[in-house]
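Asker: predicted model, plus sequence, below.
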Amino acid sequence: MSESRLKSAYLLILILQLTATMITESTSVGVNWGTMATHQLPPEKVVKMLKENGFKKVKLFEADERILGALIGTDIEVMLAIPNFMLQKMSEDPAVAASWVEANVTSYCYTGGVNIKYVAVGNEPFLQTYNNSFLDTTLPALKNVQHALDGAKLKHSVKATVPFNADIYNSPPSNPVPSAGDFRLDIRERTIEIIQFLDENEAPFTVNIYPFLSLYGNNYFPMDYAFFDGTNKPIKDGDRVYSNVFDANLDTLISALEKAGYPEMDLIVGEVGWPTDGDKNANIQNAKRFNQGLIQHVLRDNGTPIRKRKFQVYLFSLIDENAKSIAPGSFERHWGIFEFDGKPKYELDFSGLRRDRGLIAAEGVRYMPERWCILDPKSENLDDLANSIDYACTMSDCTALGYGSSCNHLSVEGNASYAFNMYYQFHGQKSWDCDFSGLGVETYQDPSEEGCRFPLMIDYGSSVRVYGKVVDTAVSILVGCLVFWSWCDRLL
C-alpha cells in the first residue's frame, strides 16, 4: 500500500473515532439511580461504573450526601429530586425550600463540584392512585424551590421541574389518536398552571413513560407495538404514522401541550425502561430489545412524528432495588440494567453505532461468604412450612418466584429453599436466620438452577432508603401467601 493510501486510511479511522466520540458525548442517554435496596454498592463504585459506561447524566430520587459527595468533580449532569413527602412543608414555608436548596444544591454548585442541572420537585405527584394527595402542594413547592434557586443566583444554571406520570393526559376513546391528546379533566387546570410557571422560568416539562405497562395492563395490546423495531400494524393519525407506542404516547403529550398553548415547550423523558423479572413479559430478551431500540431511536435525533427534534431521556433504571414496593407489580424490583451487585444483565451500545459491546461491571465488589440456606431435605414434619415461607417472603424478596418469573419453574422444595435463602441473605447469613422451626439448613453448595440464581448478598450496609415511606409490608405478606398457595396447587 502506498504512503498516500496509508495516510488516507489513517485519516479515515481518525475521523470515524472522533465522530463516535462526538456522538457519544453530545447525545448521551441518562439513567435513574435509585437506592431502595437492602444492601447497596458504595456510591464511589457506582459513580465509577457510570463513568466507565459513558453515562453523562444521572437522575437521583433524593439528596444523599454520600452520593453527592461521590459525584464531586465528575462533571456528570445531575437531576436531583425532592421526595413527595416533603412537598407539604416546602409549599407552606419558603424557608424550608431555601434551606433544602442551600444544603443540597448551592453547597455543591462550585467549580469542580457537582454538576446539578435540574431539581425535580416531587415524583409523579398527580398520579391517579395518589387520589389528589399532592394536588394543592406541588405548584407552591415548585415556586418556592425555583425562587430559592433564584435567590442563590442559580436561576440560569439550575432549573426546577416536576416529573409527571403519563397518566395525566390521554386521548378520548372516541378518537384514540395522538393528535386528540389532552390533559385529564380533573387535573387540567392545575397542570397548566405548573406548565405556565415552567415556561416562565425556561424550565422543561418532564414525563415518565412506560410502554411495558401497556402490555402489563392489557392482554390484547399488540406486543411489537411496545418496541422500536417495526410493526405490521402501525397506527395512522392523519398523515402521521406511528410504529411504536413510545412515540404515540409522547405525541399525545405534545398535542396536550399545544392545546394548552405551549407547543414548543422543552421535554425530558424522566423515566423509561423495561424490567427483567417479575412478570411473563419482563425478561432479559425483552429488556435488551426495548432499551437498545430506545437508545437507537433517541440518538437518531429524529424526534417524533409531531416534533422532529431530539429530547433528553433517562433510562429506568441503573440497578435493581429489592426494597421497592411491589404494589404495582412484582416487576418493580427488577428495572435495572445492572444486577444489585453491579453486574450487567445484558449488552447495550450507548454510542449509536450498533457496536456489539458489553457494559462494564462494578469492580472489587465484596460479597458475603459462599453460604446458602435451603429447605432441609431430611425434614419430615412440614406443618409449619406455610408460615415459614410467608415470613421469609414478607421479610425479603420472593418476586422471582411469581407467575412468569425467572424462578417460577422450581419444584416445591426449590421454592421453599429460595424463600429461605433470600431471608437468610437479606439478614446477613446469621445461622439463626436459617432455622425456620427446624426446616432450614445451611449449605456450602450453590443451590442455583438453570435460569434461577440463588444470590449471595453483597457485604455492604443494609440501610434501606424508601424516600420517606415504609415498604408495603402488607403487600409482601399477600404475595408470600399467594406464592405458597400456588405451590400447594402443584401438590394437589
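Answerer: Happy to help now that I have it.
Asker: the stretch 351-492 of the chain: strands as residue ranges?
Answerer: For the stretch 351-492 of the chain, the strands defined by DSSP state E, counting those that start in this stretch cover 372-375, 440-443.
Asker: CA atoms only for the last one, dumped as PDB, please.
Answerer: In this case it means strand 440-443. Taking C-alpha atoms only, strand 440-443 is exported to PDB below (Å, rounded to 0.1, in the frame of the first residue of the first chain):
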ATOM      1  CA  GLY A 440     -33.900 -24.800  57.200                       C
ATOM      2  CA  VAL A 441     -30.300 -25.900  56.900                       C
ATOM      3  CA  GLU A 442     -27.100 -24.100  55.800                       C
ATOM      4  CA  THR A 443     -25.200 -25.400  52.900                       C
END
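Asker: so what strands line up beside that strand?
Answerer: Each strand that pairs with strand 440-443, with its direction, by DSSP bridges: strand 372-375 (antiparallel).
Asker: contacts for the strand it pairs with?
Answerer: For strand 372-375, contacts defined as CB atoms under 8 Å, 6 or more residues apart in numbering pick out 385, 413, 416-417, 420-421, 423-425, 429, 433-434, 439-447, 454, 456. In short, each C-beta sits where N, CA and C put it, glycine included.
Asker: mind redoing it with 10 Å?
Answerer: For strand 372-375, the surrounding residues in contact (CB atoms under 10 Å, 6 or more residues apart in numbering) are 382, 385, 388-389, 392, 412-425, 427, 429-431, 433-436, 439-448, 454-456.
Asker: out of the strands of the stretch 351-492 of the chain, which is the most enclosed?
Answerer: Of all those, strand 372-375 has the most neighbours on average by mean count of other CB atoms under 10 Å, namely a mean of 25.
Asker: need the next SSE after the helix or strand hosting residue 195, C-terminal direction.
Answerer: Taking DSSP states H and E as the criterion, residue 195 maps to helix 188-200. Scanning forward in sequence from helix 188-200 by DSSP H and E, the next helix or strand is strand 205-208.
Asker: quick one: mean pLDDT for stretch 272-284?
Answerer: In this model, stretch 272-284 carries a mean pLDDT of 97.
Asker: buried residues in it?
Answerer: 272-279, 281-283 (16 or more other CB atoms under 10 Å).
Asker: got the CA coordinates for stretch 214-233 in CSV?
Answerer: C-alpha atoms of stretch 214-233 as CSV (Å, rounded to 0.1, in the frame of the first residue of the first chain):
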residue,chain,number,x,y,z
SER,A,214,-49.2,-1.1,28.3
LEU,A,215,-48.5,-4.8,27.9
TYR,A,216,-48.8,-5.5,31.6
GLY,A,217,-52.2,-3.9,31.9
ASN,A,218,-53.8,-5.2,28.6
ASN,A,219,-53.6,-8.8,27.3
TYR,A,220,-54.8,-7.6,24.0
PHE,A,221,-52.1,-4.9,23.5
PRO,A,222,-50.0,-5.7,20.4
MET,A,223,-46.6,-7.0,21.6
ASP,A,224,-44.5,-5.5,18.7
TYR,A,225,-46.0,-2.0,19.2
ALA,A,226,-44.3,-1.8,22.6
PHE,A,227,-40.9,-1.9,20.8
PHE,A,228,-39.0,0.1,18.2
ASP,A,229,-38.1,-2.5,15.6
GLY,A,230,-41.3,-2.1,13.5
THR,A,231,-44.8,-3.4,13.5
ASN,A,232,-47.1,-4.9,10.9
LYS,A,233,-50.0,-2.7,12.1
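Asker: low pLDDT regions in the stretch 251-400 of the chain?
Answerer: 352-356 (pLDDT under 70).
Asker: chain neighbours aside, what residue packs nearest to residue 255?
Answerer: Spatial nearest neighbour of residue 255, excluding adjacent residues (CB to CB, 6 or more residues apart in numbering): residue 181 at 3.7 Å.
Asker: just checking, that neighbour touches residue 188?
Answerer: No: counting by CB atoms under 10 Å, residue 181 stays clear of residue 188, with 11.9 Å between them.
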